[in-house]
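> got a predicted structure plus its sequence, pasted below:
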Amino acid sequence: MNIKEKIEIKKKLYEACTLFVDKRNQTIIDIIESNRKALESENKSSAGDKHETGRAMLQLEIEKASQQFSSVRQMYKVLNRISSKANTAVISLGSVVKTTLNNYFISVSIGEIYIEDEKYFAVSPKSPIGYLLLGKKKGDKTEFNGKTFQIIEVF
């Protein structure tokens, strides 16, 4: 695989991660907006215990969704630190790692991504497998969940 192909794969992985985070962000915005509208309509309905319970539940949902913004902001910060052009021999943030077991993109934890019929796992460097891979290089062998595997390629 030449450098141009490697950069293209890394770009596609990055774009898939960004799209995932953008969708998650929009979902949170939609939830908050929907609950705010419901809260406004609750204000117009009759008073009583049922009314207060409904308001409290909606308020809790808004707070929960607002807390999820923190997670999304952190994911955007991680993605902003990744360069699609960087090509290192040592695994770090933004590395694509091919092993005898699986392929990984060290970025944000979003799970499986398929690029040109090949499966990659987007994992955080803070995840168990991401943390294990950091600092390793092509040819290194390591063990995870009782399975030994070798790093075939890093870019």
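Ah, there it is.

> pLDDT at S45, what is it?
Looking at S45, its pLDDT is 54.

> work out for me the element S92 sits within.
Taking DSSP states H and E as the definition, S92 sits outside all helices and strands.

> can you list the domains in this protein?
Domain assignment for the chain by automatic domain parsing gives 3-80, 96-154.

> go through these and pick out the most buried.
domain 96-154 (a mean of 16; mean count of other Cβ atoms under 10 Å). C-beta coordinates here come from the backbone N, C-alpha and C atoms, glycine included.

> in the protein, which strand is the longest?
In the chain, taking DSSP state E as the definition, the longest strand is strand 147-154.

> what's the spacing between that one and its chain's center?
22 Å (Cα atoms, centre = their mean, to the nearest Å).

> which helices and strands sit right next to it?
Contacts defined by 3 or more Cβ pairs under 8 Å, 6 or more residues apart in numbering; DSSP states H and E place strand 147-154 against strand 96-99, strand 141-144.

> returning to that earlier point: reformat the domains of the chain as TSV; add distance to A89.
As requested, the domains of the chain are exported to TSV (distance: least, Cβ to Cβ, whole Å):
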stretch	distance to A89
domain 3-80	13
domain 96-154	5
